[in-house]
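Asks: sequence unknown, structure follows:
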């Protein structure tokens, strides 16, 4: 498995070199992403689409998870050996937009622990600023899914991984799930954490000077909750 040295020039990191990056291309996913990106999609439909897409991404991201055997299960006809996911799963939605992905992943892992993290991006520096962190004192999960609809500059994702590492979760046990990522943001994240798995439905090449993905999907938090320029008139 190839890895990216921490001293690598970000300009040399290409999509083909990111062996931990998974870009999903299922036809149903592409159709839903078209609706999510579309400016005319209103908040109720946008929320449902984000939930649907998160569920699909989560399903794919769980493909390699270990299972434990459950002997002596009983069907209506006979006994059988069943299985269940072996790890304790934690969901780490980045507030506030990450909330929109949470129910979709909880439908796959109904017993998962939800670990909220509040980060916002300074509009002048584009750096992440932490405002809410309620991680328990002791580690109570084995694997964590970071949930954030967009990875734009990459700073928020990097801050979230650092917090989980400080808590005691190795990067190999962390997966970053997003709907859209920018290529510059991915370069930054993978330079910081070559072993981090990233699962996304789309990668766009450009960032605006304000740090927005282009074409992207706009401000996912505002679109989810009908605020800002998406408030009802």
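Replies: Cool, the structure landed. Note that the structure is a prediction, hence the values are computed from the model and not measured. Numbers count the residues shown, from 1 in each chain.

Asks: the most centrally placed residue in the chain and residue 149, how far apart?
Replies: Centroid-nearest residue in the chain: residue 177, 2.0 Å away (criterion: C-alpha atoms, centre = their mean). In this view, residue 177 and residue 149 are 9 Å apart by C-beta to C-beta, to the nearest Å. For the C-beta atoms, the positions are set from N, CA and C on the backbone; glycine is no exception.

Asks: shared neighbours, these two?
Replies: Common contact partners of residue 177 and residue 149 (C-beta atoms under 8 Å, 6 or more residues apart in numbering): residue 101.

Asks: which strand residues bridge the residue nearest to the centre of the chain?
Replies: Note on residue 177: beta-bridge partners by DSSP bridges are residue 147, residue 199.

Asks: OK, contacts around it?
Replies: By C-beta under 8 Å, 6+ apart, the contact set of residue 177 is 54, 57, 58, 61, 101, 105, 145, 146, 147, 148, 199, 200.

Asks: now, among the residues you listed, which is nearest to residue 93?
Replies: Minimum distance to residue 93 across the contacts of residue 177 is 4.3 Å, recorded for residue 147 (C-beta to C-beta).

Asks: quick one: contacts of the biggest helix by length in the chain?
Replies: Longest helix in the chain by number of residues (criterion: DSSP state H): helix 43-61. Under the contact criterion C-beta under 8 Å, 6+ apart, helix 43-61 has outside partners 22, 24, 26, 28-29, 32-33, 35-36, 41, 100-105, 107-109, 145, 147, 149, 175, 177-179, 197, 199-201, 220, 223-226, 230.

Asks: mind checking which of these are in strands?
Replies: Members of the contacts of helix 43-61 lying in strands (criterion: DSSP state E): 22, 145, 147, 175, 177, 178, 179, 197, 199, 200, 201.
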